[in-house]
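Novice: I would like to see how this sequence folds:
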Amino acid sequence: MSSKDAYFTGKVCVITGAGSGIGRALAENLARRGAELALSDIDTEGLAETVRRCEALGAQVKSDRLDVSEREAVLLYADAVQAHFGVVHQIYNNAGIAYHGDVLHSGFKDIERIMDVDFWGVVNGTKAFLPMLLESGDGHVVNVSSLFGLIAVPSQSAYNSAKFAVRGFTESLRQEMLLGKHPVQVTCVHPGGIKTAVARNATYAENVDGTNAASLFDKKLAMHTPEMAAETITEGVRKGHGRVLIGWEAKLLDLFVRVTASGYQRISARAQRGVLQ
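Specialist: All right, here's what the predicted structure looks like:
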């Protein structure tokens, strides 16, 4: 898409985790659509490259290093964004990390770290910016969950916990906005296998071969480009969808869980056993 989009033109959009992957693709997509951008990441080099690309597309960009797990920093960041642009219309809580390990071999700190970034980072961003979105009169909260916010799998207990929590938090928030007739729409995003560095940058329990796990994800599971994901998200936002599923596998597995209920857990365990043998 090369021309500006009347729906997004002039809207101030905040994107966390904008230094790579879906976050970068979202930034570029929204830049093409005419949005003004507040971009953040802990990866300052990756963030600088995203800023360069978006400015080349004509977007006005504010960029900051931000750790979304640090609540006070997020609150101060939200105030700075509003002071810079005067208004905030959309927040894309996209920043996230991955961890691979079963409950038995995972430390408390491993699980806490995933929850701090993947769940509390979403809560921090939502709470910090929600009053501003309400003030705008045309707000939108977009929280990125995962395919693993729809279906649980072995060795992803920490990540599943965070992403299921994001889903519950976001779906409850959407109902609150509808009930109160507030001028804020809410969308929960569930990406399937997207070609990002999330698996390569993940941490692993001591009994897990991280190199092999990352290679498996990159070669077998990462089927869709970040650009495809970004396009799907922005179109879902435009249409006001409460839930956005990215990829045929996300749609298929969502249906699978609905049909089988808790029965999917035995099927998933058997499938995992077959992979490991």
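Novice: helices along this protein, start to end?
Specialist: 21-32, 44-56, 71-85, 108-114, 120-136, 157-179, 210-216, 226-239, 248-260, 263-276 (DSSP state H).
Novice: just these: most buried one?
Specialist: Scoring these by mean neighbour count under mean count of other CB atoms under 10 Å gives helix 21-32 as the most buried, with a mean of 26. Bear in mind the C-beta positions are built from the backbone N, C-alpha and C, glycine included.
Novice: before we move on, back to that, of the helices of the chain, which shows the lowest average pLDDT?
Specialist: Sorting these by mean pLDDT places helix 210-216 lowest, at a mean of 54.
Novice: once you drop chain neighbours, what's closest to His84?
Specialist: Lys62 (5.2 Å; CB to CB, 6 or more residues apart in numbering).
Novice: oh sorry, the question was meant for Ala202
Specialist: Nearest to Ala202 is Ala98, by CB to CB, 6+ apart, at 3.7 Å.
Novice: what's the separation between the one you found and Thr203?
Specialist: According to CB to CB, to the nearest Å, Ala98 and Thr203 sit 8 Å apart.
Novice: coming back round to it: pipe the helices of the chain into CSV and attach distance to Val14 per row.
Specialist: Compiled in CSV, the helices of the chain are given as follows (distance: least, CB to CB, whole Å):
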stretch, distance to Val14
helix 21-32, 10
helix 44-56, 13
helix 71-85, 6
helix 108-114, 22
helix 120-136, 6
helix 157-179, 16
helix 210-216, 29
helix 226-239, 13
helix 248-260, 25
helix 263-276, 35
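Novice: how about those helices, which one is nearest Cys13?
Specialist: helix 21-32 (5.2 Å; CB to CB).
Novice: which strands or helices does the closest one pack on?
Specialist: Here helix 21-32 touches strand 12-15, strand 36-41, helix 44-56, helix 226-239, going by 3 or more CB pairs under 8 Å, 6 or more residues apart in numbering; DSSP states H and E.
Novice: which residues touch that helix?
Specialist: Residues outside helix 21-32 that contact it (CB atoms under 8 Å, 6 or more residues apart in numbering) are 1-5, 8, 13, 15-18, 37, 39, 41, 46, 49-50, 53-54, 57-59, 61, 92, 94-95, 144, 191, 194, 196-198, 225-227, 229-231, 233-234.
Novice: buried ones among those residues?
Specialist: Neighbour counting by 16 or more other CB atoms under 10 Å classes 5, 8, 13, 15-18, 37, 39, 41, 46, 50, 54, 57, 59, 61, 92, 94-95, 144, 191, 194, 196-198, 226-227, 229-231, 233-234 among these as buried.
Novice: tabulate the helices and strands packed on helix 21-32 (CSV), appending distance to Ala261.
Specialist: Listed next are the helices and strands packed on helix 21-32 as CSV, based on distance: least, CB to CB, whole Å:
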stretch, distance to Ala261
strand 12-15, 36
strand 36-41, 39
helix 44-56, 41
helix 226-239, 26
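Novice: for Gly86, which of these is the nearest?
Specialist: strand 12-15 (8.1 Å).
Novice: which residues sit against that closest one?
Specialist: 23, 26-27, 30, 35-40, 81, 85, 87-92, 94, 125, 129.
Novice: that one pairs with which strands, parallel or anti?
Specialist: Using DSSP bridges, strand 12-15 pairs in its sheet with strand 36-41 (parallel), strand 90-93 (parallel).
Novice: so which of the ones you listed is nearest Val184?
Specialist: strand 90-93 (9.7 Å).
Novice: identify the residues contacting the closest one?
Specialist: 11-16, 23, 26, 35, 68, 121-122, 125-126, 129, 133, 139-144, 233, 237.
Novice: more neighbours, Ala98 and Thr203?
Specialist: Using other CB atoms under 10 Å as the criterion, Ala98 and Thr203 rank with Ala98 on top: 25 against 15.
Novice: isn't the more buried one up against Asn201?
Specialist: Yes: with contacts counted by CB atoms under 8 Å, Ala98 reaches Asn201, the gap being 7.2 Å.
Novice: circling back to that earlier point, turn the strands paired with strand 12-15 into TSV, including mean pLDDT.
Specialist: What follows is the strands paired with strand 12-15, written out as TSV (pLDDT from 0 to 100):
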stretch	mean pLDDT
strand 36-41	98
strand 90-93	98
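Novice: done for today, thanks.
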